[in-house]
Every structure is written in structure tokens, then in C-alpha cells.
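Asker: next come a sequence and a model predicted from it.
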Amino acid sequence: MKISRSPRTIALVAMLTAVSIILARLLGFYLTPSLRVSFEYFPILLAGVCFGPAAGAITGALADFLGATVLSGLGFNPLLMVGPTMAGLLAGLLTRYAFGGRVDRWWKFLLVCMIPDLLGNFLWGTFALSLMYGAPFGAYLLVRAPLKLGIAIVDMSLVLVLHRALQPVLTRWKRPAGA
């Protein structure tokens, strides 16, 4: 896996990382100590879909690390960083290898976004929190399920809309010069 080192790609990945941090740390809010309402996964998923698995993983890892160390009173926990990193990586892998880089139907967006969001945010995040707080995994899973499913649907919708809006620009950038 390699990420394009063009200035445009680096700038967009940095912007998506910043958007994720803002959505998680400044606009997100806690219902309970282990239940946060935020949409920080959609920029991570978008990075994976648009720029590949490495960009998605880097966006997820940096957003979690920087957000937790700079803007969170709770501090950094490597267990929690695995979720967003995995989500960005999986979104890129599914886009590239399951659909050959062509996510042109709503059901493809459903798979490319929901699977990583549910695995990274819902399952891994719940597992990490159950380890952190010493609570039963099953109980956390039941409490978090409705909210995390709703958030995953919103994340998928946002990725679909923004990917379609960005697609003409991304396609133009990928053409060789003079083509």
C-alpha cells in the first residue's frame, strides 16, 4: 500500500484529518462516559474511499492521536486508536479490491462504509471501552448498538454525497498532464 505524495493528496488528507478531529473533539458530545455522539468516522472513511487504504489508515490514526493528545481531557489510549485506523484501512481496501476503485452505486457505498464503521467504531470501540472500564462487552454492545448503527448510516450518507461531489475533481487530478 502506498499513498500518493502529491501536494493535493497530502493537503486533502490533512484537511480530512482536521475535520475528523473537529467532529470528534469539538462537536461531539457524551451521553455517558462510554457513549459519544459524533461523526468523526466519515472523513476517515472518505479518505479511504478517495485516496486508498494507506490514506484512510493514516487519517484515522492521526485524527485519533492528535485529537486525544491535544484536545481531550481523557488522554490518548492506543486501544481506541485501532478503531479509526482499521476503519480507514478497510474502507480503502474494500474500495480498491472489492470494487476495483469504482464505488458508483449506493449499495457499494453501503458496504464500503458500513462494514468498516461497524467493525472499527462499534465492535472494536466497544471492545476497547469494555477493557478500559472493566465492564462486560455484551452489555456495552447492547447499549451502544442503536446509536452506533444510526451514526454509521449518517456517515455512509455523508461519504456518498461528498464522494460524488469530489469525484469530478479527483478524476481530473488523476489524469496525466496534457491528456
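Answerer: Received it, and whenever you're ready, just let me know what you need.
Asker: Three-state assignment for the residue nearest to V19 when sequence neighbours are not counted, please.
Answerer: Excluding the flanking residues, the one nearest V19 by CB to CB, 6 or more residues apart in numbering is P43, at 4.4 Å. For the C-beta atoms, the positions are set from N, CA and C on the backbone; glycine is no exception. Recorded secondary structure, P43: helix (DSSP: H, G, I helix; E, B strand; the rest coil).
Asker: P43 and D64 touch, don't they?
Answerer: No. Using CB atoms under 8 Å, P43 is not in contact with D64; the gap is 11.9 Å.
Asker: for V159, give me its contacts.
Answerer: Going by CB atoms under 8 Å, 6 or more residues apart in numbering, V159 touches 42, 45-46, 49, 109, 112-113.
Asker: quick one: the helix or strand containing it to chain centroid distance?
Answerer: Assigned by DSSP states H and E, V159 belongs to helix 137-174. Centroid displacement of helix 137-174 relative to its chain, using CA atoms, centre = their mean, to the nearest Å, is 8 Å.
Asker: mind jotting down where the strands sit in this structure?
Answerer: Taking DSSP state E as the test, the strands found in the chain are 29-32, 35-37.
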